[in-house]
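Student: quick one, what's the 3D model for this:
(chains A and B)
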Amino acid sequence: MKAHRATAMVAAVVLAVVLAACGSDDDAGSSDDAGGSGAPATAASTPSPAVGETTGPAGEQATPTDELKLSADEIAEVKSGKPTAALVWHQSSDFVNAVSRGAKDQFAELGIDVVAETQANFDAAKQKSDIETVMAKRPDALLSLPVDPTATASAYRGAVDAGAKLVLLSNVPAGFKPGKDYVTVVTDDLFEMGHHAADALAAAIGGKGEIAYFFHDAEYYVTNQRDEAFKTTIEQNYPDIEIVAEQGIADPAKAEEQANGILVKNPSLDGIYVTFSQPPAEGVLSALRSNGNTDAKLVSLDLDEPLAIDMARGGNTAALIADRAYELGQSMAKAAAYGILGKEAPEFLVAPVVTVTKDNLDAGYQESLNEGPPQAVLDAAE
Amino acid sequence: MSSEPGTTDPAAHRGIDPAGSILARARRVDPRTYVVYVAFLLILAFFAITLRDDGFLTSDNLLNIARQTAPITVMAVGIVFVLSAGEIDLSIGSIVALAALVAAIVLRDVGLVAGVAAGLAVGAGVGLVNGLFVTLLRLPSFLVTLATMGLVAGLARWSTDLKAVAVVDQTFTDVFGSGDVGPIPGLVIWTLAVVALGHLVYRHRRFGAHVLAIGDNPGAARVTGIRVDRVRLAVLVISGTAAGLAGLLYAGRIQGASYTLGESDLLIVIAAVVIGGTRLFGGAGSVVGALVGSLIMGMLTNGLILMGLDSNQQMVAQGLLLLIAISLTLREPKGA
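Tutor: Numbers count the residues shown, from 1 in each chain, chains lettered A, B, ... in the order given. As a prediction, the model looks like this:
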């Protein structure tokens, strides 16, 4: 049973995000500066050249989120209409909470009232119901992350036909066109997530040695693009680092068992990259502990309390790469104002990336989530 | 004899000797079954008052609730039969996903009729497998359907490597889920048709009486000449087929199919059925009550979203309201 058309659709999304393997060295400075600004010097304070870039679902050029600007007059015009907005998320998580907070704070500044918020537990049918339900309140703007590009397209069509301005996070419903069907799509700088991870791991192991690469073994363009960026950066920028073990993680809950196998076969690993922190990197960390391995340095993506505690205590975890989730939310809210004003927004926006290490725990958390680290992490750092 | 709306007393049907089941009958005579209708009206009134300016009572929103609960209601009708017979079917949520995906793929590669047939066949087929294991190997349906739940969910994920399949056939989407007949959404018509058919069989056909008799006391039912295994097999096929139909309705509604469909439906369906007055351990139940229970569940989700609660608060509020609803409808009388 091969789903050729579905394959083609998903492949289109994934392939659209082509890694420009060459000729992008010029971009390296600008995008990295954005990621590093504001944070104290980190392990990755001298970024290696970017050997790719993040592109949009239809190959759009990425625009940094800080290029969204609203004048005082425009803000007054938005406020005068007393607009409303609804947030239709895919799930509930730390990340979604931070995006939501950023969006609500920005909406408050713009005089936009948030009238409804939902989360779909990754269920496309529930998300369709959620959209129909919130549309009963006739919001002017809809902020959303579609659970699945194919299976949710019909749901968003109804909302757009009813006049809601759609601002998307990360995913775009199949067949939707920027500027026409939705205002813009905002995401973290996927390539830079992987790129920062590679630089951080290289810095942690002194630029040479043997590493293991745990990638997400599923077709999800977000993780696929981040993992690829890590691997490409290591291969092209760090000739003295060798990837001696590659392991796909299909079931993130079973990473520990797979890590055990790799650690037994490669007892002298210097570093490990894990596709995302919760739960696979937590599983890898516990495998390291049960193998008594205190030498291998671990780098993963997304902030996570157990890993941050390990990092604060000087354990295996060397760095966590985070997106600026709060800023993603703020940008979505600003983009919604663009939609309400009928002002043309950049088609594809990316928020910068921050590398969090033991040295910038507080600043790093603030930059990503707009709030400090959990108390347990602060306690561990003392 | 039971005379409450919503409850069916197996002893009221021909062919069953009520002697020797006085205790059981005392349990069945149960005024609490009225309460589901009262609870429904109370919740409706609550939201109608608190959300009067938020679009709750608009016909669009009420039709939304009816549309959104249609697949749940269809599955609930199947589960009324299963629970009434003293069995359980945990595999319905997984069947939804596999039926929807298989239907979408066959629809695309072969055609409309074949797609519909394939989706229903998946449901009936899984139900048949469940039923054969339960009856031939004398295994508890809880364990059999726990196993097939995982097995079928795995097949659904495997069938397309986790990818969603779009459904573009206009006829299919019009008939299943997306179309209207005049002002009435097709999903409402499906709901009413399935509930009417289920109610008819459950209350007015011998099969329904047999189901209840088996749920009440399988040994006694066997003695009275009821073919217990055949009925058990049949209720699992019914619930599988209903889940297959729910899968088609989802596929038509979202114009696509994905392995996540139905994943979170099992507990909602069971809650709807039990709130609706069906005993969790067999012997009594109501198809119409299950419809009302399903509408209550849908109304809660809808109303809490419109109240503007964030999603975490919605979960808490939904849990609390559900506790109140089941306390009202299911509280065991003292000494029962």
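Student: tell me where the model's unsure across the stretch 101-250 of chain A.
Tutor: Within the stretch 101-250 of chain A, the stretches with pLDDT under 70 are A:219.
Student: okay, strands next: where are they in it?
Tutor: Assigned strands in the stretch 101-250 of chain A, in chain order: A:113-119, A:141-144, A:165-169, A:184-188, A:209-216, A:241-249 (criterion: DSSP state E, counting those that start in this stretch).
Student: over to chain B?
Tutor: Assigned by DSSP state E, chain B shows strands spanning B:165-166, B:180-181, B:184-185, B:256-257.
Student: distance from the third one to the middle of the chain?
Tutor: Meaning strand B:184-185. How far strand B:184-185 lies from its chain's middle: 20 Å, per CA atoms, centre = their mean, to the nearest Å.
Student: which other helices and strands does it contact?
Tutor: helix B:59-84 (3 or more CB pairs under 8 Å, 6 or more residues apart in numbering or on different chains; DSSP states H and E). Backbone N, C-alpha and C define where each C-beta goes, glycine included.
Student: give the buried residues for the helix it packs on.
Tutor: Residues B:61-84 are the ones in helix B:59-84 that count as buried (16 or more other CB atoms under 10 Å in any protein chain shown).
Student: run through the neighbouring helices and strands of it.
Tutor: Counting contacts by 3+ CB pairs under 8 Å, 6+ apart, helix B:59-84 packs against helix A:124-135, helix B:92-109, strand B:184-185, helix B:186-204, helix B:206-216, helix B:228-254, helix B:265-275, helix B:287-306.
Student: list the contacts of B:D265.
Tutor: B:71-72, B:75, B:92-93, B:96, B:246 (CB atoms under 8 Å, 6 or more residues apart in numbering or on different chains).
Student: which intervals of chain B have sub-threshold pLDDT?
Tutor: In chain B, residues with pLDDT under 70: B:1-33, B:329-336.
Student: B:T224 - how many residues pack around it?
Tutor: 12 (other CB atoms under 10 Å in any protein chain shown).
Student: how about the contacts made by the spatially closest residue to B:A153 that is not a sequence neighbour?
Tutor: Leaving out its chain neighbours, the residue that sits closest to B:A153 by CB to CB, 6 or more residues apart in numbering or on different chains is B:S94, at 4.1 Å. Contacts for B:S94 (CB under 8 Å, 6+ apart) come out as B:148-153, B:156, B:262.
Student: surely B:A221 and B:H210 touch.
Tutor: Yes. Here B:A221 reaches B:H210: they are 7.0 Å apart, a contact under CB atoms under 8 Å.
Student: report the separation between the residue nearest to B:A153 and chain A.
Tutor: Distance of B:S94 to chain A, given as CB to the nearest CB, to the nearest Å: 13 Å.
Student: mind listing what the spatially most central residue of chain B touches?
Tutor: The centre of chain B sits closest to B:A76, judged by CA atoms, centre = their mean, with a distance of 1.0 Å. By CB under 8 Å, 6+ apart, the contact list for B:A76 reads B:269, B:272-273, B:276, B:290-291, B:293-294.
Student: ok, residue 121 - how many residues close by?
Tutor: Picked chain A for this. Counted by other CB under 10 Å, the residues lying close to A:N121 total 15.
Student: nope, chain B please
Tutor: 19.
Student: contacting residues around it?
Tutor: By CB under 8 Å, 6+ apart, the neighbours of B:A121 are B:G244.
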